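Enquirer: Dropping a prediction and its sequence here:
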Amino acid sequence: MSSEYLFAHKHILGLDHLSVPDIELILNTAESFKEISTRAIKKVPVLRGKTVVTLFFEPSTRTRLSFDIAAKRMSADTFSISASTSSTTKGETLADTARNIEAMMPDILIMRHPSSGACHYLAKHIRTSVINAGDGTHEHPSQGLLDLMTVKEHKGEISGLKIAIIGDISHSRVAHSDIIGFSKMGAHVFVSGPATLIPKKIERLGATVCTTMAEAVSDADVVMPLRIQTERQNDPLIPSFREYATFFGINRQVLQTARPGALLMHPGPINRGVELAPDVADSAQSVILDQVTNGVAIRMALMYLVLGGK
Ligand code: CP
């Protein structure tokens, strides 16, 4: 990729609309920004005078704090609104809420929303840059990118790797962004889980569906279990967490069937003892906290690039 490559996206709504050179530019930019977080004075002036608003309609620990820290490390001014403190609780529409926020001239609006497509909808109604921090079961692009960065950092390259994603694929926006992102970058993504949690036509995103978890994990370079997202399920889709852990939980024995040196990843939050055994979560193969660290660098890169990289 030429160093002259221009990032032409005003919004980050999903990995679906990013090209391979776009993703490479984001990863390279994040790699160069990562060092800032290791300095004694963790601040650079690249977004000085810019205003970043986070609008979260769902709970978050990692994503919200990570965007906030990333913006502050680049000297932007940041403001947060959550569902309970916004006037949507008084009947205001999402579009009206966004237009009112826009009237205060922010430069970037970062939104998490329970409805798939909510960030696309917002991007059509306002001129401010919109970054999707997770929309329903659709996409979580910054998580997908930090996962790509973490694998590239540990494995040197992404192309040709076998990535196993296990569990609630249907309700996981992370799984969707990861399948799209890893496939675009030349990796082979295998998914497995209870049949009730594997969406029809997931192959269209680039994943291979395995009927057994053993098939997906065997010789994998990366193993990523996912939390069962009960908050998005109207009816129970698994008999019990105990049975789920027996058949689809990642424990030491299962991880040993992956390629030696395989990475254990998880987007968080973890339900220890359900999708992931606690000793494996804390093992030397786990890069879960590296994912969190890289999240700050990726979000710095995204905000920098949507504002023109200047
Ligand atoms: N990975 C992730 O989106 O975590 P949070 O829900 O804590 O932001």
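Expert: Cool, the structure landed.
Enquirer: which residues sit in contact with the residue nearest the centre of the chain?
Expert: With distances taken as CA atoms, centre = their mean, Q143 lies nearest the centre of the chain, 1.6 Å away. Contacts of Q143 were listed using CB atoms under 8 Å, 6 or more residues apart in numbering, and they are T63, G134, R173, V174, S177, D178, P267, G295. (Each C-beta comes from the backbone N, C-alpha and C, glycine too.)
Enquirer: so of the residues you listed, which ones are in strands?
Expert: Among the contacts of Q143, DSSP state E puts G134 in strands.
Enquirer: could the contacts of Q143 be laid out in CSV, adding neighbour count and pLDDT?
Expert: Formatted as CSV, these follow (neighbours: other CB atoms under 10 Å; pLDDT from 0 to 100):
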residue, neighbour count, pLDDT
T63, 24, 98
G134, 27, 98
R173, 25, 97
V174, 23, 98
S177, 27, 98
D178, 33, 98
P267, 27, 98
G295, 27, 98
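Enquirer: ok, and of the contacts of Q143, which contact the ligand?
Expert: Among the contacts of Q143, the residues that sit close to the ligand (CB under 6 Å from any ligand atom) are T63, G134, P267.
Enquirer: ok, the last one touching D147?
Expert: In this case it means P267. Yes: using CB atoms under 8 Å, P267 makes contact with D147 at a distance of 7.3 Å.
Enquirer: Which helix or strand contains the residue in the stretch 101-250 of the chain that the ligand sits nearest to?
Expert: At 5.1 Å from the ligand, Q143 is the closest residue in the stretch 101-250 of the chain, using CB to the nearest ligand atom. Following DSSP states H and E, one finds Q143 within helix 141-155.
Enquirer: looking only at pLDDT, what's the mean for that helix?
Expert: On average, the pLDDT along helix 141-155 is 98.
Enquirer: The helix or strand just after it versus helix 141-155: what angle between them?
Expert: Scanning forward in sequence from helix 141-155 by DSSP H and E, the next helix or strand is strand 162-166. On the basis of axes from the mean of the first three to the mean of the last three CA atoms, to 10 degrees, strand 162-166 is oriented at 130 degrees to helix 141-155.
Enquirer: Partner strands of strand 162-166 and their direction?
Expert: With DSSP bridges as the test, strand 162-166 is paired with strand 188-192 (parallel), strand 222-225 (parallel).
Enquirer: can you put those strands in TSV and add distance to D235, mean pLDDT and mean neighbour count?
Expert: Converted to TSV, the strands paired with strand 162-166 look like this (distance: least, CB to CB, whole Å; pLDDT from 0 to 100; neighbours: other CB atoms under 10 Å):
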stretch	distance to D235	mean pLDDT	mean neighbour count
strand 188-192	22	98	23
strand 222-225	22	98	28
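Enquirer: can you list these in CSV and add distance to the ligand?
Expert: Output for these, formatted as CSV (distance: least, CB to the nearest ligand atom, whole Å):
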stretch, distance to the ligand
strand 188-192, 18
strand 222-225, 12
